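*Asks:* Quick check, what structure comes out for this input:
(one chain, ligands or ions: 2)
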Amino acid sequence: MDLYEYQGKELFRRVGIPVGDGRLATTPGEARQAAEVLGGPVVIKAQVLTGGRGKAGGVKLARNAHEAEEHAKNIIGLDIKGHVVKRLWVEQASDIAKEYYLSLTFDRGVKKPLFMFTTQGGIDIEQVAAETPDALVRLHVDPLEGFNPWQARRLVYGAGVTEPSEQKQIAKIIGQLYDAFVRFDAMLCEVNPLIVTPDGIVKALDSKFTVDDNALYRHPDIAEMRDEDAADPLEALARAKHVTYVKLDGEVGVCGNGAGLTMSTVDVVTFAGGRPANFCDLGGGGDAQGVVDALSVITQDPQVKAVFFNIFGGITRCDEVARGILQALDEMKLELPMVVRLDGTNAEEGRRILAEAAPANLHVSPTMLEAATRAVELAA
Ligand code: GDP
Ligand code: MN
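*Replies:* Numbering: from 1, shown residues only. Ligands and ions are numbered 1, 2, ... in the order given. Model prediction:
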């Protein structure tokens, strides 16, 4: 789950990382009031779950409350990469002497958290990595050993920070960021820019914070931060129905049982020349209601032109899935073409049930590749 900047900053604040004082606003009037309360110049920042807000006109400095209101009028409703701005963060403006970059994420290849730090912050980190890779210092932390203060010093010296007070403040923030990462079950904590003010104070001017969805049960306060309005409506529907669903952008709806088989199904659709519209895992049960729930999510995606059911019966019984599919077709009056491949426990029985009912839009294929090819043809 991705957090808004202001939510990420709240978590930063809890572990002691310095952040600016600010207020949330949803109307120009609230932005004005926030600016009055904060006093002095403020920065009006679009709260959207995407980066590059500055370039898109979503971050504006205001000298006073009147300007804050005017900027808020322009920023609310702005479309930033498909995200419409509804919330603003009004923060006391900071004077910036330097912009650094600091992040902590997972390096899945090495199975360790990875710190990245550079004094070339503020801009796209991809650009720094491509043009001046040596300026980007990388350091892995062994999760079993935990974080050690020498690692912070290595990052700071490695990036060429020479001012002792800066070194000290950044090293402390690096340790605090590791704390936040572990304590809140984060998958990404990024600070771009981490600024140094002309007075030599280091603080986080921005925050990108992603929390592991599977750990949210341990953090009800963070789970509550979710903005259901901003979520993909299909993913929100799937969550409400307890369906494991990820929206992709092709035309073939994919439904498998078990994450491994479903991923292979996504691959085989691509191999057959098509593009998967989604990833949907029925899980181990594959009972009738599960099939109905999954189909009710998949078929609400207007991009879906055909659905491919790929079921391998282990614990799941194929006859049960076949009944589920028929029940779903019956209840939902679906006309989309569907291709079903059943194998494993009670597969013959399952195929017989489908053949007997024989709805016109249902196609049964014996192998995964044939089924995928058929589904891709039908979606074309
Ligand atoms: P992003 O574009 O979505 O990454 O949003 P940021 O929060 O990183 O802001 C973009 C840029 O706006 C920063 O790199 C700064 O240069 C500028 N900016 C943001 N807040 C302030 C501020 O308080 N004072 C000043 N002077 N510039 C700011
Ligand atoms: Mn930023």
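*Asks:* how close does the residue of the stretch 201-350 of the chain found nearest ligand 2 get to ligand 1?
*Replies:* The stretch 201-350 of the chain approaches ligand 2 most closely through residue 206 (3.6 Å), counting by C-beta to the ion. For glycine as for every other residue, the C-beta is placed from the backbone atoms N, C-alpha and C. In this view, residue 206 and ligand 1 are 3 Å apart by C-beta to the nearest ligand atom, to the nearest Å.
*Asks:* Give me the nearest residue to that residue, chain neighbours excluded.
*Replies:* Distance criterion C-beta to C-beta, 6 or more residues apart in numbering; nearest residue to residue 206, sequence neighbours excluded, is residue 192 at 5.6 Å.
*Asks:* Helix or strand for that neighbour, just tell me which one.
*Replies:* strand 186-196 (DSSP states H and E).
*Asks:* Check residue 334 too.
*Replies:* Residue 334 belongs to no helix or strand, assigned by DSSP H and E.
*Asks:* before we move on, what about residue 246?
*Replies:* strand 244-247.
*Asks:* In its sheet, which strands sit next to that strand, and in what direction?
*Replies:* Next to strand 244-247 in the sheet, as set by DSSP bridges, lie strand 278-281 (antiparallel).
*Asks:* From the chain's centroid, how far away is the partner strand?
*Replies:* Taking C-alpha atoms, centre = their mean, to the nearest Å, one finds strand 278-281 lying 16 Å from the centre of the chain it belongs to.
*Asks:* what's in contact with it?
*Replies:* Residues from elsewhere that reach strand 278-281 (C-beta atoms under 8 Å, 6 or more residues apart in numbering): 234, 238, 243-248, 253-259, 262-263, 266, 294, 297-298, 301, 304.
*Asks:* among those residues, which are in strands?
*Replies:* With DSSP state E as the criterion, strands contain 244, 245, 246, 247, 253, 254, 255, 256 from among the contacts of strand 278-281.
*Asks:* now the strand or helix carrying residue 269 against strand 252-256, angle please.
*Replies:* Element membership for residue 269 (DSSP H and E) is helix 259-271. If you take axes from the mean of the first three to the mean of the last three C-alpha atoms, to 10 degrees, helix 259-271 sits at 150 degrees to strand 252-256.
*Asks:* which helices and strands does helix 259-271 pack with?
*Replies:* strand 252-256, strand 278-281, strand 306-313, helix 368-379 (3 or more C-beta pairs under 8 Å, 6 or more residues apart in numbering; DSSP states H and E).
*Asks:* got the CA positions of the second one in PDB?
*Replies:* This points to strand 278-281. What follows is strand 278-281, C-alpha atoms only, in PDB (Å, rounded to 0.1, in the frame of the first residue of the first chain):
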ATOM      1  CA  ASN A 278      -5.300  -9.300 -14.900                       C
ATOM      2  CA  PHE A 279      -3.900 -11.800 -12.400                       C
ATOM      3  CA  CYS A 280      -6.600 -13.500 -10.400                       C
ATOM      4  CA  ASP A 281      -5.900 -16.300  -8.000                       C
END
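*Asks:* what comes up buried for that strand?
*Replies:* Buried positions in strand 278-281, judged by neighbour count with 16 or more other C-beta atoms under 10 Å: 278, 279, 280, 281.
*Asks:* same question, stretch 56-75
*Replies:* Neighbour count says stretch 56-75 has 56, 58-60, 62, 65, 67-72, 75 buried, by 16+ other C-beta under 10 Å.
*Asks:* Lowest-confidence one in these?
*Replies:* On pLDDT alone, residue 56 ranks lowest of the buried residues of stretch 56-75, at 94.
*Asks:* need the helices for the stretch 1-150 of the chain, in chain order.
*Replies:* 5-14, 28-38, 65-75, 125-131, 149-158 (DSSP state H, counting those that start in this stretch).
*Asks:* List of residues touching the last one?
*Replies:* It refers to helix 149-158. 115, 117, 137, 139, 141, 167, 170, 171, 172, 174, 175.
*Asks:* what's the answer for the shortest one, then?
*Replies:* Taking C-beta under 8 Å, 6+ apart as the criterion, the residues outside helix 125-131 that touch it are 101, 103, 116, 118, 120, 135, 136, 192.
*Asks:* didn't the last one look like it was pressed against residue 117?
*Replies:* No: the pair residue 192 / residue 117 is not scored as a contact, 10.8 Å apart, by C-beta atoms under 8 Å.
*Asks:* where do the contact lists of those two overlap?
*Replies:* With C-beta under 8 Å, 6+ apart as the test, residue 192 and residue 117 both reach 101, 102, 103.
*Asks:* ok, the closest residue to residue 18 other than its chain neighbours - contacts?
*Replies:* Counting by C-beta to C-beta, 6+ apart, residue 18 lies nearest to residue 203, which is 4.0 Å off, once chain neighbours are set aside. Taking C-beta under 8 Å, 6+ apart, we find residue 203 in contact with 17, 18, 19, 20, 94, 194, 195, 197.
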